[in-house]
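Enquirer: following is a predicted model, sequence given first.
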Amino acid sequence: MNKGSPKLVNADQCGSMEKRSSLGLFLANKPACLGAITLAILIGIVITWPIALKIAPLFGQEGQAFAITYHPLALSDDQFQAPSVKHWFGTDVHGRDLFSRVVYGTGISILVGITGALISLIIGVAWGTVAGYAGGRIDTIMMRIVDVLYSMPGIIVVIVLVTTSERFVGDKLAAIIPTAKTMTRFLTLIIGLGAVSWLTMARIIRAQVLSLKNLPFIDAAKVLGASHSRIIFRHIIPNVLGIAIVYWTLTVPSIVLYESFLSYLGLGIQPPMASLGSLIAEGVEQINPVKVYWWLIVCPGAVLLALLVSLNLVGDGSRDALETKRLT
Amino acid sequence: MIRYLVKRLCLFVPLLLVITLLSFCLVKIAPGGPFDSERAPLTPEVERQLKARYYLDEPLLKQYMRFLFGALQLDFGPSLRYRSHSVYEIIRESAPVSAILGLLAFGFALGLGLPIGFYTAARRGRWQDYTSSLIIIVMMCTPGFILAPILVLVLSLKLKLLPPALWGNIEHVVLPTIALGLIYAGRIARLFRGSLLEVSQNEFILLARAKGLPESKVLLRHVARLAILPVVTYCGPMLADLLTGSFVIENIFQIPGSGMMFVHAALNSDYTLVVGLVTFYAIILISLNLFVDVCYAVIDPRIRYE
Amino acid sequence: MRSHRAAITKTAPNPKKRFRDRVARITQPFAICLLGTLVCIGCNFKTSRPDLVIINGTEPESLDPAIITGFAEMRIAMALFEGLARPDPITGKPIPGLAERWEATDDGRVWTFYLRTNARWSTGEPISAEDVRQSWLRVLKQETAANYAALLFCVKGATEFYYGKTTNPETVGITVLNPTTLSIQLTKPVPYFLDICALPVASVVPWRVIQAQSDRWLKTRPLPTSGAFQLVHWKANHSIRLAKNPYYWDAENTQLNIVDILPIGSPSTALNLYLRGYADIIWDKDMIPPELLEELLQRPDFHKFDYLATYFIRFNVTKPPFNDSRVRKAFAMAIDKERIVTKITRAGERIANSFVPPQTANYIPAEGLPFDPARARRLLAEAGYPEGKGFPVVQYSFDAAARGAAKLNGKIAVELQNMWQNTLGVRVELRQLERKIFFSAQSQLDYDISRSSWVADYNDPSTFLELFTSYNGNNRTGWKNTTYDELVTAAAVEPDMEKRAQLYYQAETLLIKEDPPIVPLFYFTGVNVFDTNKVAGIHQNVLDLHPLNAIKKVTFTNILPSFTHKRTGQP
């Protein structure tokens, strides 16, 4: 889409050309609302299910049995059960309840997506603001570097980064801190994914800062003697935050996808932690005409799909709302 | 324009150097060399021999210099894991496969995305618009690794129409192309639809409508040529993404392309192959970016680069 | 998604014609690309159909018989290069290969081999005794980095030559008497010497080509091969194509003309390809999804067989608590091996009561420690940890893969952890390592307990029992027992087979009962997948060796019983 082009609102919105809040514009966008609702439901389940499992043992015998059956790491002999009343999504190769695993996996995927996108937001905003505000040579150099980084094959960098950093951490550290391995993998994933996704953000922010820089209120602040950092932190950043958040919501699905890619290849989240990508990978391993365990792919796949679709809808809706508001 | 091109080309080589140096260092730092195995763990003599033969006992900088010198002659050394194959050979054999897959998926994405986008824009506001918009969004969000196994299960294993894996015949390309290209078809459809709608807001289109032409004809004759612009400019980044998206598809279908090679190399600490492949991909990406920028300038003379 | 780099402000469009030209200029390259693609597809895809397609396992690291160690590589190398002897397709025992007969002196120290006069390279030249000698000498040179050079140390002068004490190849006991006769002197009589002669490490390779090309020799075309097949192409991770060697001495009995070997990484893909008819044979158990094994073994085309390989666990005896043999015995007796083979591996493996599998030639295995939880607890208490109190937390190291049979290592680990916890009350942590790091940790004794396996190199107990001598690099436990060393060394030179078996028996008893550094869990079961209605000539033997030239496709013309065919393998 062309940025900065005069976008004429369509006939539906013509009547309400008076000042409407972004939220109002967002809510008028039906698909975006649908997306937001789906997202809210997903996140709700992701938060409440683990809590339910934690507090179930307090409810006596039945509660304890519930907590044990549905714990994502609980092995049982019920392998490869199809979806039923007992196991809504069926069970996997170790007899673990798939619904529980999918819920925890979605949580991990969302967490990776949000934090990875957050890292890309931080880097992108910082870079773009400095480049846009400083202008001149610094701007040119910084944007050159961005151009240069565009030429790096991103996923390759992430793969090499992930495989080497964990070996670097090694077993010595893992011996001291038992969860060091999983934490390292998690951290490297977030940092790696965020570090290859900030480029577009930086460009957008820079364009925004460039246009903000020339507004009268910035001049006023300068006249009043505000230092550069004060101008940046008090005036510029709050004004780019809106668009930054919008692009953050658009980056989250791409990072979730990226992470699923890597987990599928065996380079992402390692067992026993699971993400949607690794769950799907496990399901793909079971594809054969002898025994069709379709739920192992369809269930996590459907959830991943719903997650990505809703994230995209929300992102688009907020971007449309923001652009329309900005231009009206 | 020419000056811009020259400047960009001058940056090409230093950029490549930086990238290769980075990947070289990263891979070397990792412990767990390429030679350990269970059946015959290295006796000290064998290990010494292997290290000497592949210059692994030299200082890092010297190894890198050796690599650079060889690279200039297109000799990236032997793969450390597949010792009878040289890296250049492996890339030469696997790159065309990935290229074919990528181009086919590219064609599929365009061939499917453009008509769908057009149809959705033509039926704007009606129920077909909403349903096909939904379909587009779903297409956009279905990654290859979800679609591929389902396609394999249904089309190959149940209906027995197509082979489940491998490469070598016309019948082998169908499933991977669909799995790889669908997500880009969705993006193109959405892009095209949005662009069509945007362009049709323009006044000269009102004139066409006033002439009494049906909506689809309006779109086709007048709007499409302008609306195709964002799609064309997206083609560059799309080709680049296709390159990397192919990793997973190649893995699932056991297609011997460079994507699968890269994953194997990374997992096996095959230093020479990793560095060779990174160099190869970097060259492609840099050239692609340059090509895209040149396209922009060619399409629209209003764009000027200093 | 990326966005544009420069903002394009929209105004009224340019005149149509110029624009059309510009768009045409952009689309032309795409059209050319499409055409090019179609041409490439056409070129890439014309290949002749193979007679047999085999899924062999993962991509071979090399096909050089001197350096390969894995079974996938060995199968292909054995089709390309033959040695003085070769394995019988039915029993796996050594039968005449390039040598049509041999003689040994009474003390077994000097062997004379008479090569076939019709033995030829695939390029047509005859194979001479000098070729054999040079191939063996090559293995004994350090630059070759041959992993199994030690197998040829039985030849007189080989060890000194290998370690560089002498650089004169004449000192090695291989002599060419005439172009078709070779004499080999051994340092001591070796009962399994012929088995070694049938191994790839002893096969005949084109040494002149290797001298000229060094590492790249496998890529020269034409590549002279001494076996039943020649190499047509070898595309990494794609396929290896073999074609019949028309000059092979037994070429008239080789029915297959073109064989494709596929390196498949994922078991489910392998299975799917086979079930859809795109592959004729799968002969690597790793390539069968372990979860489906039980069900698949019901089908007639899944052939199960026992072979000489043991899955066992190693203790690191250099560190406490496992430097105390009572602790090790306690751990050993707390393992319910039945449960592991019935619940987890489920391919019908037999539990292992000894380290050397029962069908090993020249031998009856020793008895190890039984499953006895009560005694285990008593021993642990004796060692100073009653009911596991005060026992330090130890780690069980294993390698696991996301796919394939290595997944079982993780499940077995969980099972063992449970058993030790429930029976002994000790806490064992699981430590999963990536494959290469796992092996290097094992070599450096950086573990407490670790999973292991060993497949026989040849059909004799020494291949198993020599592992744990104190000077063997594959020991990897730190266990040094001088009695054991003495017994094994004495057995190696003992000419009387009965006494030899007894010496090995005593050694093995030390190894698994009295002072065990290892606990054998079960013997591996192999699985070959092929349809007997379509493929014949594959016989299950304990060495899992199936010479490619003995395989025939069943067509209408040869459905007749095989006794009408001349049997291969007759001297």
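Expert: The structure has been received and is ready for your questions.
Enquirer: which positions in the helix or strand hosting residue B:279 come out as buried?
Expert: Taking DSSP states H and E as the criterion, the element that holds residue B:279 is helix B:271-299. Within helix B:271-299, the residues scored as buried using 16 or more other Cβ atoms under 10 Å in any protein chain shown are B:271-282, B:284-286, B:288-290, B:292-297, B:299. (Glycine included, C-beta is placed from N, CA and C.)
Enquirer: near chain A too, which of those residues?
Expert: If you filter those for contact with chain A, counting by Cβ under 8 Å from any Cβ of the partner chain, you are left with B:274, B:277, B:278, B:281, B:282, B:285, B:286, B:289.
Enquirer: by pLDDT, give me the weakest of those.
Expert: Of all these, residue B:289 has the smallest pLDDT value, namely 75.
Enquirer: looks like that one contacts residue B:236 (just checking).
Expert: Yes - using Cβ atoms under 8 Å, residue B:289 and residue B:236 qualify as a contacting pair, with a distance of 7.1 Å.
Enquirer: give the next helix or strand downstream of the lowest-mean-pLDDT helix or strand in chain C.
Expert: Every helix and strand of chain C was ranked by mean pLDDT, DSSP states H and E. The lowest is helix C:16-44, at a mean of 61. Next helix or strand after helix C:16-44 toward the C-terminus (DSSP H and E): strand C:52-57.
Enquirer: hang on, the earlier thing: farthest-apart pair in the ones next to chain A among the buried residues of helix B:271-299, please.
Expert: Using Cβ to Cβ, those reach their maximum pairwise distance at B:274 and B:289, which is 22.1 Å.
Enquirer: can you give me the helices in the stretch 101-250 of chain B?
Expert: Using DSSP state H, counting those that start in this stretch, the helices found in the stretch 101-250 of chain B span residues B:127-141, B:144-151, B:170-199, B:203-210, B:215-218, B:224-253.
Enquirer: in a markdown table: those, plus mean pLDDT and mean neighbour count.
Expert: Shown next, in a markdown table, are these (pLDDT from 0 to 100; neighbours: other Cβ atoms under 10 Å in any protein chain shown):
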| stretch | mean pLDDT | mean neighbour count |
| --- | --- | --- |
| helix B:127-141 | 83 | 17 |
| helix B:144-151 | 85 | 24 |
| helix B:170-199 | 87 | 22 |
| helix B:203-210 | 73 | 12 |
| helix B:215-218 | 70 | 15 |
| helix B:224-253 | 79 | 23 |
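Enquirer: and those helices: which comes nearest chain C?
Expert: Using Cβ to the nearest Cβ as the criterion, the shortest distance between chain C and the helices of the stretch 101-250 of chain B is 4.3 Å, found for helix B:224-253.
Enquirer: output the contacting helices and strands for that closest one.
Expert: helix A:154-176, helix A:237-264, helix B:87-122, helix B:144-151, helix B:170-199, helix B:258-267, helix B:271-299, helix C:16-44 (3 or more Cβ pairs under 8 Å, 6 or more residues apart in numbering or on different chains; DSSP states H and E).
Enquirer: save the helices of the stretch 101-250 of chain B as CSV, and put in distance to residue C:482 too.
Expert: Rendered in CSV, the data for the helices of the stretch 101-250 of chain B read as follows (distance: least, Cβ to Cβ, whole Å):
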stretch, distance to residue C:482
helix B:127-141, 68
helix B:144-151, 57
helix B:170-199, 61
helix B:203-210, 96
helix B:215-218, 93
helix B:224-253, 51
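Enquirer: for burial, what's the neighbour tally of residue C:324?
Expert: Burial of residue C:324 is recorded as 17 neighbouring residues (other Cβ atoms under 10 Å in any protein chain shown).
Enquirer: quick check on the closest residue to it other than its chain neighbours: phi, psi?
Expert: Distances taken as Cβ to Cβ, 6 or more residues apart in numbering or on different chains put residue C:383 closest to residue C:324, at 5.1 Å, once the chain neighbours are dropped. According to degrees, to the nearest 10, the main-chain angles of residue C:383 amount to phi -70, psi -10.
Enquirer: give the helix, strand or coil label for the residue in the stretch 151-300 of chain A that chain C sits nearest to.
Expert: Across the stretch 151-300 of chain A, the shortest distance to chain C (Cβ to the nearest Cβ) belongs to residue A:266, at 4.7 Å. Of the three states, residue A:266 takes coil under DSSP: H, G, I helix; E, B strand; the rest coil.
Enquirer: could you find the closest non-adjacent residue to residue C:209?
Expert: What sits nearest to residue C:209 in space, not counting adjacent residues and going by Cβ to Cβ, 6+ apart, is residue C:217, at 5.1 Å.
Enquirer: ramachandran angles for residue C:281?
Expert: Here residue C:281 shows phi and psi, under degrees, to the nearest 10, equal to phi -140, psi 140.
Enquirer: gap between it and chain B?
Expert: In this structure, residue C:281 and chain B are 15 Å apart, going by Cβ to the nearest Cβ, to the nearest Å.
Enquirer: ok, residue C:504 next?
Expert: Residue C:504 sits at a distance of 22 Å from chain B (criterion: Cβ to the nearest Cβ).
Enquirer: dump the residue contacts of that residue.
Expert: Counting by Cβ atoms under 8 Å, 6 or more residues apart in numbering or on different chains, residue C:504 makes contact with C:356, C:363, C:461, C:462, C:465, C:487, C:488, C:491.
Enquirer: pLDDT weak spots in the chain?
Expert: No chain was given, so I picked chain A. Counting by pLDDT under 70, chain A contains low-confidence residues at A:1-22, A:68-69, A:72-79, A:93-94, A:151-153, A:155-156, A:163-182, A:271-272, A:323-328.
Enquirer: the intended chain is chain C.
Expert: For chain C, the stretches flagged by pLDDT under 70 are C:1-47, C:401-406, C:556-571.
Enquirer: residue C:310 belongs to a helix, doesn't it?
Expert: No - using three-state DSSP, the secondary structure at residue C:310 is strand, not a helix.
Enquirer: quick one: secondary structure of the residue lying closest to it once chain neighbours are set aside?
Expert: Taking Cβ to Cβ, 6+ apart as the measure, residue C:310 lies nearest to residue C:520, with 5.2 Å between them; neighbours along the chain are not counted. Using three-state DSSP, the secondary structure recorded for residue C:520 is strand.
Enquirer: hmm, residue C:520 is touching residue C:354, no?
Expert: Yes - with contact defined as Cβ under 8 Å, residue C:520 and residue C:354 form a contacting pair (6.5 Å).
Enquirer: now do the residue nearest the centre of chain B against residue B:258, distance only.
Expert: Of all residues in chain B, the one closest to the mean position by Cα atoms, centre = their mean is residue B:243, 1.4 Å from it. Residue B:243 is 8 Å from residue B:258, where distance means Cβ to Cβ, to the nearest Å.
Enquirer: who touches both of the two?
Expert: B:98, B:281.
Enquirer: so what's the closest residue to the residue nearest to the centre of chain B other than its chain neighbours up against?
Expert: Leaving aside its chain neighbours, residue B:243 sits nearest to residue B:102 (6.1 Å; criterion: Cβ to Cβ, 6+ apart). The contact partners of residue B:102, taken as Cβ under 8 Å, 6+ apart, are B:180, B:239, B:242, B:243, B:246.
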